[in-house]
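Chemist: With the input below, show me the fold.
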Amino acid sequence: MSKTFRRIVAAGVAVLFASGCADQTPGAPQMRPALEVVNPPVIALTLKRTYPLAQDITRSITLFQQGGVIDIPEAGFHLNIPRKAIGNDPVTITVTAIAGDNVAYEFYPKGMVFKSAINMTQALDSTTWYGNEGNTKLEGGYFRTRDDLEQGDSVAVIYEFIPVTVTASGNRVHMPIKHFSGYVLASGRVSTTY
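Modeler: Residues are numbered from 1 along each chain as shown. The predicted structure follows:
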């Protein structure tokens, strides 16, 4: 083995070791388990906005063989769509921030499946989670229709839970999305009977 090759191998091992230890560093984002399909659906608490949206806010983008972003700054929302996540045909993607105090969104076209996950980012500084110092577990929740959000005050019917990552500063949460429908941020599970 040449010295150059040994150095490259040693550097690679060091990088792997450092990345493997990164999650153990205080303040590093916590890794979550994989997506969880729940059957029967679960009733979960919804994360609330401190200032409810007075009306739906909708944004769209048409992608022509490239990625793109959708921002809804009024809702603290950002969606990153990498080019490798979509096919070669043009597609119009629409996101609606749902009126009210739930941190909830509808994505169109419904049923669209991505080749690789796209990334949703939600600012937390205008939500009830901000400043809780980790006392609440956040999860993404897939809901089928808006009726699932109207099951009573502060709860929703969830069919899948999606792992999220909260930034070390606690001011943003990142959630991977693999298919389009409705998603809400959940702050706790209430009941497995629905």
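Chemist: show me where this structure has helices.
Modeler: Taking DSSP state H as the test, the helices found in the chain are 3-21.
Chemist: so where's it shaky on pLDDT?
Modeler: Scanning the chain for pLDDT under 70 picks out 1-34, 131-136, 151-152, 192-194.
Chemist: and it, what are its domains?
Modeler: Listed by automatic domain parsing, the domain ranges of the chain are 1-29, 32-191.
Chemist: Roughly how far does T145 sit from N102?
Modeler: Counting by CB to CB, to the nearest Å, the gap from T145 to N102 is 14 Å. Using the backbone N, CA and C atoms, a C-beta is placed for each residue, glycine as well.
Chemist: Could you do Y51 as well?
Modeler: Distance, Y51 to N102, by CB to CB: 13 Å.
Chemist: who has more neighbours, the two?
Modeler: Shown here are Y51 and N102; by other CB atoms under 10 Å, N102 has more neighbours (24 against 10).
Chemist: That one contacts E150, doesn't it?
Modeler: No. If you go by CB atoms under 8 Å, N102 and E150 don't touch, sitting 9.6 Å apart.
Chemist: Closest to the centroid, which residue in the protein?
Modeler: What sits nearest the mean C-alpha location of the chain, by CA atoms, centre = their mean, is M175, with 2.0 Å.
Chemist: doesn't Y183 make contact with that one?
Modeler: Yes. Contact criterion CB under 8 Å: M175 and Y183 qualify, at 7.2 Å.
Chemist: and for these two, which residues touch both?
Modeler: Common contacts of M175 and Y183 (CB atoms under 8 Å, 6 or more residues apart in numbering): 120, 140, 162.
Chemist: Identify the residue nearest Y142 in space, chain neighbours excluded?
Modeler: Spatial nearest neighbour of Y142, excluding adjacent residues (CB to CB, 6 or more residues apart in numbering): E160 at 4.0 Å.
Chemist: Who is that neighbour paired with across the strands?
Modeler: V37, Y142 (DSSP bridges).
Chemist: likewise T46?
Modeler: Going by DSSP bridges, T46 forms beta bridges with A186.
Chemist: With I93 instead?
Modeler: In this entry, I93 is beta-bridged to I61, by DSSP bridges.
Chemist: Report the contact partners of it.
Modeler: Applying CB under 8 Å, 6+ apart, we find I93 in contact with 60-63, 68, 70, 79, 81, 107-109, 112, 180.
Chemist: Of those, select the buried ones using a ChimeraX command.
Modeler: The ChimeraX command for the buried members of the contacts of I93 (criterion: 16 or more other CB atoms under 10 Å) is given here:
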select :61,63,70,79,81,107,180
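Chemist: Dump the contacts of I93 into TSV; add distance to G188 as well.
Modeler: Below are the contacts of I93 laid out as TSV (distance: CB to CB, whole Å):
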residue	distance to G188
S60	33
I61	33
T62	38
L63	35
G68	33
I70	28
L79	25
I81	30
F107	23
Y108	28
P109	31
M112	29
F180	25
